[in-house]
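Undergrad: Structure of the sequence below:
(one chain, ligands or ions: 2)
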Amino acid sequence: AFPKHVRLVEVGPRDGLQNEPEPISTTTKLELIERLGAAGISYIEAASFVSPKWVPQMADHQQVMKNIARLDGVTYAALTPNLKGLEGALECGVEEVAVFGAASEAFSQKNINCSVAESLARFEPVLERANEAGVQVRGYVSCVLGCPYEGEIAPAKVAEVSKALYDMGCYEVSLGDTIGTGTPLKAKRMIEAVSRDVPMDKLAAHFHDTYGQALANLYAVMEEGIAVVDSSVAGLGGCPYAKGASGNVASEDVVYLLDGLGIETGIDLNALAATGTWITQAIGRPNRSKVGVALAAQ
Ligand code: HMG
Ligand code: MG
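TA: Ligands and ions are numbered 1, 2, ... in the order given. Coordinates of the predicted model:
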């Protein structure tokens, strides 16, 4: 059965912008974050404390994290792959952080320069330190429905890495279809496998829409009980270490689907769509939310 309420995790300011080749001003990023909060999004991944050599677009993470005009009831989070990232994020008053691993060895090497086992060992001290600071940690698993380097990924491998993150103390594990190759039946089988090791209410779906399957995949996994969905306004984005990967499923499209299913989100679709129109114009990108485009034409 479908959940009654779904929480959206808006990853546009991070996943959506990290791959943009032209510099985007800190002011534009801050305005995006503020507009998303005003539209009723309660969780925003605002920045990424990674190496600026690896991801130049996130180099202003400190400026972003420090200067958000924070709204009550909104969580502003950041990616922190290691202790250096975490310390930087804590200095800026981050409320939550996320570590990111993968179900594929090759992707782990390309993305974070270490094996899956090494990444898990690196995350341990991050979780310990975050715990001391009273900051919750979310865990990502990439390549849950396919890898750009290894192809098919076994659901058992996804379950194994998810369980390791959960056992380590991640309060939620977000399952990333990094390259958007998943289809609904496959997505459902993967969720079934993972939920044997990690409770369903501790799992989130993070689907990219490269092959146009993300909404269908979400429908399938929400039917299984998934109630946290990662998405990006206007479908912005792509992973710098997954060639050809396009954006996340568009937040507007997810909210429209959920509204139609009678599932609560607390989000104002029109305000969200207006934010999508604004940011795509501000950075000169096409709006990849069909709902956003349709509403803007009215
Ligand atoms: P490394 O080179 O193995 O680490 O990078 P290192 O510890 O040897 O450090 C090398 C240099 O990086 C040093 O600087 C460090 O100070 C610096 P140097 O001495 O050469 O001047 N450094 C840092 N700088 C800033 N912040 C840090 C940091 N750590 C080290 N936190 C590292 C390891 C993970 C840092 C690197 O590989 C990296 O930054 N990778 C970026 C990965 C990334 O951001 N990928 C995109 C996000 S993941 C994603 O999009 C998938 C997701 O959306 C889910 C899905 O869709 O599947 C989450
Ligand atoms: Mg992603």
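Undergrad: Up against ligand 1, what does the stretch 51-200 of the chain have?
TA: 51, 54-55, 81-82, 84-85, 100, 111-113, 140, 142, 176, 178 (CB under 6 Å from any ligand atom). C-beta coordinates here come from the backbone N, C-alpha and C atoms, glycine included.
Undergrad: Next, check these against the strands and list the overlap.
TA: Using DSSP state E, the members of those that fall in strands are Phe100, Tyr140, Ser142, Gly176.
Undergrad: Quick one, which of those residues are buried?
TA: Those of those that meet the buried threshold are Phe100, Tyr140, Ser142, Gly176, by 16 or more other CB atoms under 10 Å.
Undergrad: between the residues you listed, which is nearest Glu223?
TA: Closest approach between these and Glu223, by CB to CB: Gly176, at 19.8 Å.
Undergrad: Assess the claim that that closest one and Gly146 are in contact.
TA: No - at 10.6 Å, Gly176 does not count as touching Gly146 under the criterion of CB atoms under 8 Å.
Undergrad: Can you name the residue of the stretch 51-200 of the chain nearest ligand 1?
TA: Ligand 1 sits closest to Gly176 of the stretch 51-200 of the chain, with a gap of 2.5 Å, by CB to the nearest ligand atom.
Undergrad: picking up where we left off before, most surrounded residue in the residues of the stretch 51-200 of the chain next to ligand 1?
TA: Thr178 (31 neighbours; other CB atoms under 10 Å).
Undergrad: ok, now which ones touch that one?
TA: Contacts for Thr178 (CB atoms under 8 Å, 6 or more residues apart in numbering) come out as Ala102, Phe107, Ser142, Cys143, Val144, Gly146, Cys147, Pro148, His208, Cys239, Ala242, Ala245.
Undergrad: Go through those residues and name the one nearest Arg288.
TA: Of all the contacts of Thr178, Arg288 sits closest to His208, with 11.0 Å by CB to CB.
Undergrad: How about the closest one, nearest residue that isn't a chain neighbour?
TA: Distances taken as CB to CB, 6 or more residues apart in numbering put Gly180 closest to His208, at 3.9 Å, once the chain neighbours are dropped.
Undergrad: Measure how buried that neighbour is and give me the count.
TA: 25.
Undergrad: pretty sure it contacts Ala216?
TA: No - using CB under 8 Å, Gly180 makes no contact with Ala216, being 11.3 Å away.
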